[in-house]
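Novice: Here you go, sequence then predicted model.
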Amino acid sequence: MTTAALSKPISKTKKHREPSKIGTTIGIVLILILWLVPTVGLLVTSFRPVALINTTGWWTALDVDNGPASAQHPDPNASYAEKLGTRFTIDNYVDALTGYRGTGTYRAACASGTKPLGMNCNISDLLNPRGMGRAFVNSIIVTIPSTILPILIALFAAYAFAWMDFKGRYAIFAVLVGLQVVPIQMTLVPVLRMFAGMGINGTFPAVWLFHTGFGLPYAIYMLRNSMSTLPKDLFESAYLDGANHWQVFNRIVLPLTTPAIASLAIFQFLWVWNDLLVSLVFLGGQRPVMTYQISNMVSSLGAGWHLLTAAAFLSMLLPMIVFFALQKYFVRGMMAGAVKG
Amino acid sequence: MAKAPIASVMKQKTQVPWLYLLPAIIVMTIFILYPMLNTVSLSFGNANGTASAATTCREGQPCWGVFENYRYALTNELNTATVETTWESFWVSSYGNMIKWLLVMVTGTVGIGLIFAVLVDRIKREALAKSIIFMPMAISFVGAGVIWKFVYNYGTSQVQTGILNAIITGLGFKPVSWLTQSPLNTFMLIVVGIWMWTGFCMTLLSSAIKSIPEEIIEASRIDGATNFEIFTKIQVPIIAPTIVVVITTMVINVLKLFDIVYVMTGGNYGTNVIATRMYTEMYTNAHYGRGTAIAVILVLFIIPFIVMNIRRFTKQEAMR
């Protein structure tokens, strides 16, 4: 109570003595604009027709009369809203999802009756191996086990490190802390050779296994830190009541560690989802994930901005949703795991 | 090291902890420990690891025997004709680029992050402003690469569709091919890195700033300190330990950096960094010996930070 009463007048004086509040706000807004413009540019571009993307800047998107003659509204007297409607399109997304690489658009090509090469003009095109639709599915197949497996294994190990007594407990854990910082490059070649021997290069289990191994040090570290903050009395009374380690782990620790598991899961999910190097090395073009597909488009397509911007935005969709919906857990997981890989 | 005491009632049979640890230890041994040792031994071998690196030496060429791959990794990018060419080639080699990345990206992210953290503390809608800065952390380096490649887009025709060149030409200058001109291109890539990681630094620094007791700030304000003095003489010294942590984290991240360079320039035009060079040796040139030697060099740079990490951990444990 006293502190609350004290802090009120103080914070009032603070507001009074703040001289450059407007300057501060302007400075911050400028930084924010600088931070937002690149992403906004990408988003706007991804909804513009190819002809306009290549001839006019995205910041002129609301100017309905610029660009080449072919991109103009057929009726020069059409209203602004009508003209604007023809200047935005979802074709880029359709083309990116289906992997259409022709000169027109997927929808126009299918509507004309001649099926584009390798396309069926039905829902099955979403799984065309060149498209982002298929890559999205592959990314999901890669990410889910790569998130669940390491956390599952780490939960047991973390419990042992936090609440069991054994020889070498601290020494092993210290090694683990060090392992977190080991760069991924240090393990790629031997694991690649190992997988080649097992004949699983280019298959999903290869990536699952690699991410599980590489995700473990951080996962154990984070879960152990969270578990060891639980009150000791809780454990002592449970044991006095006759519970064993398994019951304590299962009924007390797991439920109480849920927030940490959530943070960790989000971190690992996004780490795997956004990863390029591991999927490049172990999956390559055989089962392309989204990041692989995009990096491939960058080098092979050159200036195919309509596809590239749409594809990039598709790959960001899920992370963005996770970020804005679960920001608290996300930031927490990100902060703790920043040195990984 | 202080041991967190475990209650005697919780004592278990000696094999029980190992049952809990076994899956993790097996997986980490197979996928981290064994590969690390294997990488070191491969780095002393030839292209496919079948013979010693010494066998790859050629008559009349410089050779470091079994360390031949290290000689290649350290000196191949250099033009040692004269001192001057050595110096010049060093600054566009992967090591020279690494130094540029370290200096500019670490100062950039920590500097902007710190300033933003201090400023944002004073405005309304703080949370919104912070999440905008943090947002790039959620997306992949690949996505960021595409975003920025578009910003840097260099049109050969009259129209510039990349916003940066549009601004430049709007001001009456000639458009610039940002990603192919060395050494400018490396700095343009670093901007992307700063854009992505400032949010991380800002968040850590901001929570440190918020933990400074309000009374200290108030007292100095009453003593007539300006905002700037409060920043340099009170806030920064108090959060110095956090700044150190943020800097070391960023250094580790920069050393391992791969995706931005790979996506945006593929390491061409003198933008190679250690990680992209390793990838080229390993996959494009299929030379395991050289690839792993570069990986070992990378890890040698990182070892001091591994040690620091462990030290920090043991210190934290001692304070529990």
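Specialist: On my side now, so go ahead.
Novice: and residue 250, how many neighbours does it have?
Specialist: In the absence of a named chain, chain A is used. By other CB atoms under 10 Å in any protein chain shown, the residues close to residue A:250 number 13. Heads up, the C-betas are built off the backbone N, CA and C, glycines and all.
Novice: um, chain B though
Specialist: Neighbour number of residue B:250 under other CB under 10 Å is 24.
Novice: Check for me that it belongs to a helix.
Specialist: Yes. Per DSSP: H, G, I helix; E, B strand; the rest coil, residue B:250 lies within a helix segment.
Novice: for the stretch 101-250 of chain B, what spans make up the helices?
Specialist: In the stretch 101-250 of chain B, the helices defined using DSSP state H, counting those that start in this stretch lie at B:106-120, B:126-134, B:141-151, B:163-170, B:184-210, B:214-222, B:227-229, B:236-238, B:240-255.
Novice: In terms of secondary structure, what does the last one contact?
Specialist: To tie it back to what came earlier, the one meant is helix B:240-255. In terms of contact count using 3 or more CB pairs under 8 Å, 6 or more residues apart in numbering or on different chains; DSSP states H and E, helix B:240-255 is assigned the packing partners helix B:106-120, helix B:184-210, helix B:288-319.
Novice: and those helices as a markdown table, adding mean neighbour count?
Specialist: Shown next, in a markdown table, are those (neighbours: other CB atoms under 10 Å in any protein chain shown):
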| stretch | mean neighbour count |
| --- | --- |
| helix B:106-120 | 21 |
| helix B:184-210 | 22 |
| helix B:288-319 | 19 |
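Novice: is it possible to export these to CSV including distance to chain A and mean pLDDT?
Specialist: Shown next, in CSV, are these (distance: least, CB to the nearest CB, whole Å; pLDDT from 0 to 100):
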stretch, distance to chain A, mean pLDDT
helix B:106-120, 5, 92
helix B:184-210, 6, 91
helix B:288-319, 4, 85
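Novice: would you list the ones you listed in JSON lines and tack on distance to residue B:86?
Specialist: Formatted as JSON lines, the helices and strands packed on helix B:240-255 follow (distance: least, CB to CB, whole Å):
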{"stretch": "helix B:106-120", "distance to residue B:86": "26"}
{"stretch": "helix B:184-210", "distance to residue B:86": "19"}
{"stretch": "helix B:288-319", "distance to residue B:86": "18"}
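Novice: so which of those helices comes closest to residue A:190?
Specialist: Counting by CB to CB, residue A:190 lies closest to helix B:288-319 out of the helices and strands packed on helix B:240-255; the figure is 8.3 Å.
Novice: so where is the chain shaky, pLDDT-wise?
Specialist: Since you didn't name a chain, this refers to chain A. Applying pLDDT under 70 to chain A flags residues A:1-20, A:301-303, A:334-341.
Novice: hm, I was asking about chain B
Specialist: If you take pLDDT under 70 as the line, chain B has these spans: B:1-12, B:157, B:320.
Novice: Can you show me the helices along the stretch 201-341 of chain A?
Specialist: A:204-227, A:232-240, A:245-248, A:254-256, A:258-274, A:277-282, A:290-301, A:305-325, A:327-336.
Novice: want to throw these into CSV with distance to residue A:185?
Specialist: Formatted as CSV, the helices of the stretch 201-341 of chain A follow (distance: least, CB to CB, whole Å):
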stretch, distance to residue A:185
helix A:204-227, 11
helix A:232-240, 41
helix A:245-248, 38
helix A:254-256, 35
helix A:258-274, 16
helix A:277-282, 8
helix A:290-301, 17
helix A:305-325, 23
helix A:327-336, 22
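Novice: Give the closest residue to the residue of the stretch 151-300 of chain A found nearest chain B in space, chain neighbours not counted.
Specialist: Residue nearest to chain B within the stretch 151-300 of chain A (CB to the nearest CB): residue A:213, separated by 2.5 Å. Nearest non-adjacent residue to residue A:213, counting by CB to CB, 6 or more residues apart in numbering or on different chains: residue B:31, 2.5 Å away.
Novice: can you list the domain ranges for chain A.
Specialist: Segmentation of chain A into domains, based on automatic domain parsing, reads A:21-86, A:91-127, A:132-336.
Novice: from the ones you listed, which stretch is densest packed?
Specialist: domain A:132-336 (a mean of 20; mean count of other CB atoms under 10 Å in any protein chain shown).
Novice: quick check, residue A:200 in a helix?
Specialist: No. Counting by three-state DSSP, residue A:200 is not part of a helix but coil.
Novice: Verify the stated contact: it with residue A:206.
Specialist: Yes. Taking CB atoms under 8 Å as the definition, residue A:200 is a contact partner of residue A:206 at 4.7 Å.
Novice: Please report the distance of residue A:330 from chain B.
Specialist: Distance, residue A:330 to chain B, by CB to the nearest CB, to the nearest Å: 7 Å.
Novice: right, and that residue touches residue A:320 too?
Specialist: No. In this structure residue A:330 lies outside contact range of residue A:320 using CB under 8 Å: 10.9 Å.
Novice: Overlap of the contact sets of those two?
Specialist: Counting by CB atoms under 8 Å, 6 or more residues apart in numbering or on different chains, the common neighbours of residue A:330 and residue A:320 are residue B:138.
Novice: mind checking how far stretch A:81-92 is from the chain centre?
Specialist: Offset of stretch A:81-92 from its chain centre (CA atoms, centre = their mean, to the nearest Å): 29 Å.
Novice: any residue of that stretch up close to chain B?
Specialist: No. Using CB under 8 Å from any CB of the partner chain, stretch A:81-92 stays clear of chain B, coming no nearer than 12.9 Å.
Novice: contacts for that stretch?
Specialist: With contact meaning CB under 8 Å, 6+ apart, stretch A:81-92 is reached by A:46-50, A:52, A:61-62, A:64-65, A:71, A:73, A:75, A:105-108, A:306-307, A:309-310.
Novice: And it, end to end?
Specialist: One end of stretch A:81-92 sits 21 Å from the other (CA to CA, to the nearest Å).
Novice: before we move on, what about stretch A:175-194?
Specialist: For stretch A:175-194, the first-to-last residue distance is 24 Å (CA to CA).
Novice: Name all residues that make contact with the closest residue to chain A within the stretch 1-150 of chain B.
Specialist: Relative to chain A, the nearest point of the stretch 1-150 of chain B is residue B:31 (2.5 Å; CB to the nearest CB). Taking CB under 8 Å, 6+ apart, we find residue B:31 in contact with A:187, A:191, A:209-210, A:212-214.
Novice: let's see 10 Å
Specialist: Contact partners of residue B:31, counting by CB atoms under 10 Å, 6 or more residues apart in numbering or on different chains, are A:187, A:190-191, A:194, A:209-216.
Novice: hang on, the earlier thing: quick check: helices, which of the contacts of stretch A:81-92 are part of them?
Specialist: Counting by DSSP state H, the part of these found in helices is A:46, A:50, A:52, A:106-108, A:306-307, A:309-310.
Novice: how about these, which pair is most distant?
Specialist: A:108 and A:309 (19.2 Å).
Novice: Phi and psi next, for residue 69.
Specialist: This is for chain A. Main-chain torsions, residue A:69, degrees, to the nearest 10: phi -60, psi -40.
Novice: hmm, I had chain B in mind actually
Specialist: Torsion angles, degrees, to the nearest 10, at residue B:69: phi -60, psi -30.
Novice: In CSV: the domains of chain A, plus distance to residue B:268.
Specialist: Supplementary listing: those in CSV, determined by distance: least, CB to CB, whole Å:
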stretch, distance to residue B:268
domain A:21-86, 22
domain A:91-127, 24
domain A:132-336, 10
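Novice: Might one say that residue B:244 is in contact with residue B:236?
Specialist: No. The pair residue B:244 / residue B:236 is not scored as a contact, 11.7 Å apart, by CB atoms under 10 Å.
Novice: And these two? Which one has more around it.
Specialist: A count of neighbours by other CB under 10 Å puts residue B:236 above the other of residue B:244 and residue B:236, at 15 against 12.
Novice: rewinding a little: ok, the residue of the stretch 151-300 of chain A closest to chain B - contacts?
Specialist: Residues in contact with residue A:213 (CB under 10 Å, 6+ apart) are A:149-150, A:153, A:187, A:191, B:24, B:26-35.
Novice: Out of the residues you listed, the closest to residue B:180 would be?
Specialist: Comparing the contacts of residue A:213 against residue B:180 with CB to CB places residue A:187 closest, at 33.1 Å.
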